[in-house]
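Undergrad: Sequence below, structure please.
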Amino acid sequence: MVIEGTLEDASNGLSTECRRAIYLAKEQLKALFETVKQYNDCIDNSATAHQECKKLMQLEGVGAMNAINLYIALGCSDIGYFSKGKDATACIGLTPIQHSSGGMVKLGSIGKFTKNSKLRSQLICGAKAAVQHAMKRKAKTQKDLWVQGLVERRGRKCAAVALANKTVKTAFAMLTQGTEYKAELLAA
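TA: Numbers count the residues shown, from 1 in each chain. All right, here's what the predicted structure looks like:
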């Protein structure tokens with residue numbers, strides 16, 4: 001490692017105090033990396049141990065952290081918080097803001113300031129990865145075709161938000177109906 005070489009090199013002019021400070025910082029960084037690794041392992045184990053989260057991880061762009069957060073946000077209990085998937089996407093901030101008055105419906109931009117901004121951000125991040133993956137290869141599923149067409153029409157960021165919206169609606173349907181996600185493969 002470069003740090004050990006620097007610490008052992010007597011000709012570089014570093015004082016003893018400076019060498020000790022660098023060594024302590026290196027050890028703290030190593031401990032921090034180990035803590036983060038243990039945290040990630042705990043999240044992964046929690047998600048795979050829970051059957052509903054395991055189902056949610058089959059969706060494009062949904063990893064262990066998103067599966068757990070989606071499960072919590074969509075209502076863990078049988079009653080749930082939302083009556084429709086559309087309500088869930090609006091609460092998370094994945095639908096256009098409405099500016100309606102007197103029967104005139106005007107849709108604005110996608111709202112960024114919601115109570116679930118971290119979940120929104122994580123879902124869009126996962127969707128961006130799924131969009132990038134879908135653009136690199138030939139379409140295998142109907143959703144890949146949809147994503148590729150959307151990217152051509154609107155761009156990658158818009159496609160990522162739309163995919164995150166679709167992911168929340170699909171997750172809501174999976175949790176309320178007790179179904180599993182099956183991607184629609186293209187005919188050979």
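
Undergrad: quick check: longest helix of this protein.
TA: For the chain, the longest helix by residue count, based on DSSP state H, is helix 16-49.

Undergrad: Please name every helix or strand in contact with it.
TA: With contacts taken as 3 or more CB pairs under 8 Å, 6 or more residues apart in numbering; DSSP states H and E, helix 16-49 sits against helix 2-8, helix 51-56, helix 64-73. (Each C-beta comes from the backbone N, C-alpha and C, glycine too.)

Undergrad: Dump those helices to CSV, plus distance to residue 84, mean neighbour count and mean pLDDT.
TA: Putting the helices and strands packed on helix 16-49 into CSV (distance: least, CB to CB, whole Å; neighbours: other CB atoms under 10 Å; pLDDT from 0 to 100) gives the following:
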stretch, distance to residue 84, mean neighbour count, mean pLDDT
helix 2-8, 55, 11, 80
helix 51-56, 18, 18, 93
helix 64-73, 14, 20, 92
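
Undergrad: can you list those in CSV and add distance to residue 90?
TA: Formatted as CSV, the helices and strands packed on helix 16-49 follow (distance: least, CB to CB, whole Å):
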stretch, distance to residue 90
helix 2-8, 50
helix 51-56, 19
helix 64-73, 12
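
Undergrad: So for residue 140, which of those sits nearest?
TA: helix 51-56 (20.5 Å; CB to CB).

Undergrad: so how far is that closest one from its chain's centroid?
TA: 15 Å (CA atoms, centre = their mean, to the nearest Å).

Undergrad: packing partners for that helix?
TA: If contacts are counted by 3+ CB pairs under 8 Å, 6+ apart, helix 51-56 sits against helix 16-49, helix 64-73, helix 156-177.
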